[in-house]
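1. structure for this input, please:
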Amino acid sequence: MTKGISADSQVHISVIFLVKILIGLSALIAGYYNIQMKFQSIDRSVGDMHNEIIVLQEKMHEMEKAHVEELEHHAIELEIENKSLMEKLGLKRR
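-> Below you'll find the predicted structure:
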């Protein structure tokens, strides 16, 4: 005679086994929330870094623009100085 599962079957689970299941389940849930919090922290850090990079790029663009204007101004001054020196040497007529 084999005993199959029927409506009269009884399942016996020990209290220690239930406690172990609850502890394991609690550890899994705590690990999941810990991972979620870590991901949120990383996401926040990446967002802050992205904003900082954008600010630095804007500052760099302004610095490059000022440097280009300075170089253009310096080139004009050199051109004027070059013309005056050539006129002094008599190589170029006005």
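2. the helices in this protein, which residues?
-> Assigned by DSSP state H, the helices in the chain fall at 15-89.
3. state the pLDDT value of the residue nearest the centre of it.
-> By Cα atoms, centre = their mean, the chain has its centre lying nearest to residue 46, at 3.0 Å. What the model reports as pLDDT for residue 46 is 97.
4. kindly provide the distance from it to residue 12.
-> Using Cβ to Cβ, to the nearest Å, residue 46 is found at 52 Å from residue 12. Just so you know, the C-beta spots here come from the backbone N, C-alpha and C atoms, and that holds for glycine as well.
5. can you check residue 57 too?
-> 68 Å.
6. so those two - more neighbours on which side?
-> Using other Cβ atoms under 10 Å, the more surrounded residue of residue 57 and residue 12 is residue 57, with 10 against 5.
7. that one and residue 74, how far apart?
-> From residue 57 to residue 74 the distance is 25 Å (Cβ to Cβ).
8. what does residue 52 give?
-> Residue 52 is 32 Å from residue 74, by Cβ to Cβ.
9. what do you get for residue 28?
-> In this view, residue 28 and residue 74 are 68 Å apart by Cβ to Cβ.
10. now swap in residue 62 and tell me
-> When residue 62 is compared with residue 74 (using Cβ to Cβ), they lie 19 Å apart.
11. same question for residue 15.
-> Relative to residue 74, and taking Cβ to Cβ, residue 15 is found at 87 Å.
12. ok, now residue 26?
-> The spacing between residue 26 and residue 74, counted by Cβ to Cβ, is 71 Å.
13. same check on residue 23?
-> Residue 23 is 75 Å from residue 74, by Cβ to Cβ.
14. ditto for residue 32
-> Taken as Cβ to Cβ, the span from residue 32 to residue 74 is 62 Å.
15. low-confidence ranges in this protein?
-> Along the chain, segments meeting pLDDT under 70 span 1-4, 7-10, 92-94.
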